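Visitor: give me coordinates for this.
(2 chains)
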There are 2 protein chains.
Amino acid sequence: FVCLLFSFSILKLDPPVGPYLIRAFSLPARAWCQAAAQKLSGGIGSKLCGTSARVFGEGGSGRPNVACKQSLYESSPHRGTNPQMSPMLLLLDLLPALDGDAKTMTFLQEVVDILMAYIVESFDRETKVIDFHYPNELLQMNNWELQGEPASLDDILISCRATLKYAIKTAHPRYFNQLSTGLDMVGLAADWLTSTANTNMFTYEVAPVFVLLEYVTLKKMREIVGWPEGRGDGIFSPGGAISNMYAMLLARFKMFPEVKEKGMSSVPRLVAFTSEHSHFSIKKGAAALGIGTESVICIKVDQSGKMIPADLERRILEAKQKGFFLFFGSRTGGNTGEGALEPLFAITEVCKKYSVWMPVDVSETLFLLMSRRHKWKLDGVDRANSVTWNPHKMMSVPLQCSALLVREEGLMQNCNQMHACYLFQQDKHYDLSYDTGDKALQCGRHVDIFKLWLMWRAKGTIGFEAQIDKCLELSEYLYNKIKDREGYEMVFDGKPQHTNVCFWYLPPGIRYMQDKEERKKHLSKVAPVIKARMMEYGTTMVSYQPQGDKVNFFRMVISNPAATFEDIDFLIEEIERLGQDL
Amino acid sequence: FVCLLFSFSILKLDPPVGPYLIRAFSLPARAWCQAAAQKLSGGIGSKLCGTSARVFGEGGSGRPNVACKQSLYESSPHRGTNPQMSPMLLLLDLLPALDGDAKTMTFLQEVVDILMAYIVESFDRETKVIDFHYPNELLQMNNWELQGEPASLDDILISCRATLKYAIKTAHPRYFNQLSTGLDMVGLAADWLTSTANTNMFTYEVAPVFVLLEYVTLKKMREIVGWPEGRGDGIFSPGGAISNMYAMLLARFKMFPEVKEKGMSSVPRLVAFTSEHSHFSIKKGAAALGIGTESVICIKVDQSGKMIPADLERRILEAKQKGFFLFFGSRTGGNTGEGALEPLFAITEVCKKYSVWMPVDVSETLFLLMSRRHKWKLDGVDRANSVTWNPHKMMSVPLQCSALLVREEGLMQNCNQMHACYLFQQDKHYDLSYDTGDKALQCGRHVDIFKLWLMWRAKGTIGFEAQIDKCLELSEYLYNKIKDREGYEMVFDGKPQHTNVCFWYLPPGIRYMQDKEERKKHLSKVAPVIKARMMEYGTTMVSYQPQGDKVNFFRMVISNPAATFEDIDFLIEEIERLGQDL
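Guide: Okay, here's the model as predicted:
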């Protein structure tokens, strides 16, 4: 065996190894295979390397057959008739190793079996949402440390199982924690394909299909926003916070294109307006972009959480008097807290009157436009200059998938382009308008489009419509269930317009407390304890938070396509079970 | 069948559908299933919905057995004995549908079979790297448009095949285009697991294992950089450009913490220094952060592409005289062009002397530290204030995987935190230092850690060492092969210190041209034409670019772990075959 001849040589020789040894890297048994095998079995490395080479053969079915049936994973719930791997195989035995095909397929199939078992389990209400352990405990429960020497592929499978054992089952029908709940099977398949294609969005050259799909999908999304013929621009970015940062960047550049070269010192003091309940990414963006968080003016909201247009106008006039330049009026659409849908027309009018760039952060809610029943709630969204839309939220596209849509064509390109000559050569042989990467802040850019595109195909627009309608029905069901129920109080006035339902649960012990301050103090501790107990039991998960003078309340955001009415019932029962003694 | 009872009802009824209908969503046959089936088969929707429910049964093996053998995909190269799907199944028949387990596994298995076939094919030198088509052609070659109605799962599989058919085979041993080449089988498996876990890095609450793995891995990476006991901080970000933007953000905040609240108007004019050959992301970052590209001062490089410390000092003194504030001195490490490794010690000395924050963008090259043979090339890297390291480049971790490592603890948190109360509640029941999300610019953050961690386990540090050593051997082999070969000229002086080999190929027709300008003019067209031909033949791909006064040259960056000496030989033969008539 080659393995015997080379033992340790590559790693131990100080002078550079020649081409001869290097060529050995394409052979199935390599030097560090031995090192690892020796570590694993106490000195019988060469024998094991030999074993790994013998163990595989091709069956008639196109699937590898394996003679050796020893495995540490007999207990895999979805083994079936799968072939099993030799326990001593290493990564180097897989492709691109010359005879690596069968071993690779066997290994990947083992992984897929683990994943499938996990998926099936995740949707099963009898299993826990989480097998919770405190960080220090979890650090001790497995050997997570990285080593100098390679682990066997069997050990890799153990690591996969351990990782999933302690992971949150985000697909679980009773997982309601923040957004990004649920797991769509076509979205998942698409993400697996994306990983397999392993490319980069910067040019058509390296991602022809994905660039076209981004083009097709962005156009479709702009049509849904209501821009004529889907005209405009857009980009997929790594999340809503970055999309919002792009929006702010574009607003600034639109007003003062010289800022790109000359920086903030060349422009007047800029101020941005946003709802006091807007997402924190607006402030993060302002800090990063050199605008400063103090220049983000927070507009008051009413009892239902909606921005008050009159307060916006008042603050705008105040800022103008001080000589500040108004450049950005972010409007949220239920992104945090109460899920209020704001009076868009009134706000747009104010922004227009004072020439304030008007992006809309509807990262969660834009999805409503796909529902014939609910689209009226976003009437006027087409008047926005840009729109942040996160398909990885309500649409349940696997994370990450966020887009910024921009009404004005060419603006993104002008704002961000740097003409890197090693990527965006101007003498390529194809239509260079498809090299979209120079619009981005990023250089390498992950392919986030395929999962959205494939899910859209598999569901159709009407499938997304059914999904959003269902989530809203579930929210309404929850609201109706608890609004007059003993022990519950709603945090905001009126029926929620989106899928956020914010409420307090008052255990019997504090329900009739007279002292308001005392009651508030107690109440603030209820949600955290119930949540902690939920996680320890692993039965369900729901978010809680304080907001302004409102102490910790549960914020239920229904986005999980697997959830049913019974799961809502379960949540309420569970809150009561875990909280009644508090 | 439920399907018959509800036909179209959910979608066509204008008044809100009641809980009764919504409950139907958890049943296997749903209203829009019919809509789709009708579209697909001309009105026999209900029959097909029934068929899809009948078609599956459980076999004894734990794998689903399927009675119906009809399929459009008989030709799948890796079908084997797999069960086949009914052609009319829809996404809604899969999980979370009540009886969706078997159908889900069958569907995902079909997808995996397609992916496995693609993987095996990708490593096969007999297949094309790319089946190239011009954008307009490719748009016509398939129906990529998004529809109102759902497609069948069979159609989804067709879409997967079509997407892969026209994708770049980035795993192909002869794919040398820029970085992000190669496909690591454990990295891929890890990415599949990551997609399946589908969670978010913002808190321990929703990503317990991944947060710990980030903690373990970042510490290990900092140890490799050489910081005592791996102390410091860090974060995984969506790519090197964003990591570099973080570095700039930290540098500014370190000098002027008030910039976060008060913006750039509160600080003096800042200037940043970087090599004239540094990555364009430094300028993108400066533009975004309100510093402005004109405040990025480009330092001259020598003939081998290295930044000249004396020029750095000169430009620093100049800027000081003008009263500018020096805050950032980016040093590259072979990220663009020639792959020069800079005189780090000399540069650090200059930066130290003038109190310039010194981040190092070694996104490609940091990997060298893992090689006992090559680590000397980065001597002094531990003196940097921050380090950008992209495992998705030379280490072949699937895209995206980039980290910023920071020497000073707590700085990132202070710089970026906004205390969003709906995520980072301070009364949680576990150690809150593991809620690392508020350090990030992002809110939702994709899990990029698991693929790196799992690959590291599977390779061991010595496996990465072998990989980097091999890439450098291959580069040296290429360099030695062409440096004196007729028709070749090297772009930069001396043997490359990293894996970039930059060269011109001169077709016989221009080899002896006397007129230098004429020769240059001709030469500039050679690489683009050869590259276009490579893509049209689909045999290999390599990057080209101009740089300053140097006309288009080939920039070979060897990072593909599947490449061998023969593939280098092939590249040279191919360049000559395709370019000799030019």
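Visitor: please pull up the helix or strand immediately following the top helix by length along chain A.
Guide: Criterion DSSP state H: the longest helix present in chain A is helix A:449-482. Once the chain leaves helix A:449-482, the next helix or strand it forms, by DSSP states H and E, is strand A:488-490.
Visitor: buried sites along the longest helix of chain A?
Guide: Residues of helix A:449-482 classed as buried: A:449-479, A:481-482 (neighbour count, 16 or more other CB atoms under 10 Å in any protein chain shown). Placement of C-beta: from N, CA and C, glycine included.
Visitor: let me see the mean pLDDT of it.
Guide: The average pLDDT within helix A:449-482 is 97.
Visitor: tally of neighbours for the closest residue to residue A:522 other than its chain neighbours?
Guide: Leaving aside its chain neighbours, residue A:522 sits nearest to residue A:510 (4.6 Å; criterion: CB to CB, 6 or more residues apart in numbering or on different chains). Residue A:510 has 18 neighbours, counted by other CB atoms under 10 Å in any protein chain shown.
Visitor: confirm residue A:510 sits in a helix?
Guide: Yes - assigned with DSSP: H, G, I helix; E, B strand; the rest coil, residue A:510 falls within a helix.
Visitor: show the pLDDT at it.
Guide: 94.
Visitor: now for it: which residues touch it?
Guide: By CB atoms under 8 Å, 6 or more residues apart in numbering or on different chains, the contact set of residue A:510 is A:519, A:522-523, A:526, A:582.
Visitor: low-confidence ranges, the stretch 201-350 of chain A, go.
Guide: A:330-340 (pLDDT under 70).
Visitor: residue A:404: what secondary structure?
Guide: strand.
Visitor: how about the nearest residue to it, chain neighbours excluded?
Guide: residue A:243 (4.2 Å).
Visitor: ok, that neighbour touching residue A:403?
Guide: Yes - assessed by CB atoms under 8 Å, residue A:243 is found in contact with residue A:403 at 6.7 Å.
Visitor: overlap in contacts of those two?
Guide: A:237, A:388-390.
Visitor: looking at those residues, spot the one nearest residue A:274.
Guide: Using CB to CB, residue A:388 comes nearest to residue A:274 of these, at 12.5 Å.
Visitor: on that earlier part again, restrict the buried residues of helix A:449-482 to contacts with chain B.
Guide: A:450, A:453-463, A:465-466, A:469-470, A:473-474, A:476-477 (CB under 8 Å from any CB of the partner chain).
Visitor: all the strands of chain A, in order from the start?
Guide: Applying DSSP state E to chain A gives strands spanning A:56-58, A:64-66, A:175-176, A:233-237, A:270-275, A:296-299, A:325-332, A:359-361, A:386-389, A:402-406, A:488-490, A:500-505, A:541-547, A:550-557.
Visitor: tell me which other helices or strands the shortest one touches.
Guide: Right, strand A:175-176. Taking 3 or more CB pairs under 8 Å, 6 or more residues apart in numbering or on different chains; DSSP states H and E as contact, the helices and strands that strand A:175-176 lies on are strand A:541-547.
Visitor: same question, the last one
Guide: Helices and strands touching strand A:550-557, by 3+ CB pairs under 8 Å, 6+ apart, are strand A:500-505, helix A:516-537, strand A:541-547.
Visitor: just the fifth one next, same as before
Guide: Using 3+ CB pairs under 8 Å, 6+ apart as the contact criterion, the neighbours of strand A:270-275 among helices and strands are helix A:240-255, helix A:281-288, strand A:296-299, helix A:309-321, strand A:325-332.
Visitor: again, only using 7 Å
Guide: Strand A:270-275 sits against helix A:281-288, strand A:296-299, helix A:309-321, strand A:325-332, with contacts defined as 3 or more CB pairs under 7 Å, 6 or more residues apart in numbering or on different chains; DSSP states H and E.
Visitor: domains of chain A?
Guide: A:2-141, A:217-458 (automatic domain parsing).
Visitor: how about those in CSV, adding distance to residue B:231?
Guide: Below are these laid out as CSV (distance: least, CB to CB, whole Å):
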stretch, distance to residue B:231
domain A:2-141, 17
domain A:217-458, 26
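Visitor: what's the most buried one of those?
Guide: Mean neighbour count (mean count of other CB atoms under 10 Å in any protein chain shown) peaks for domain A:217-458 among those, with a mean of 22.
Visitor: got the end-to-end distance for it?
Guide: End-to-end span of domain A:217-458 (CA to CA, to the nearest Å): 14 Å.
Visitor: now it, how far from the centre of its chain.
Guide: 18 Å (CA atoms, centre = their mean, to the nearest Å).
Visitor: coming back round to it: for residue B:410, find the nearest of the helices and strands packed on strand A:270-275.
Guide: For these, the distance to residue B:410 is smallest for helix A:281-288, at 16.6 Å, taking CB to CB.
Visitor: what does the closest one contact?
Guide: Here helix A:281-288 makes contact (CB atoms under 7 Å, 6 or more residues apart in numbering or on different chains) with A:240-241, A:244-245, A:248, A:272, A:274, A:292-293, A:295-296, A:330, B:249, B:260, B:289, B:416, B:418, B:441, B:443.
Visitor: try it again with 6 Å
Guide: A:241, A:244-245, A:248, A:274, A:293, A:296, A:330, B:249, B:260, B:418, B:441, B:443 (CB atoms under 6 Å, 6 or more residues apart in numbering or on different chains).
Visitor: what's the closest of these to residue B:578?
Guide: Among the contacts of helix A:281-288, and counting by CB to CB, the member closest to residue B:578 is residue A:245, at 43.2 Å.
Visitor: which residues touch that closest one?
Guide: Applying CB under 6 Å, 6+ apart, the residues near residue A:245 are residue A:285.
Visitor: nice, that's everything, thank you.
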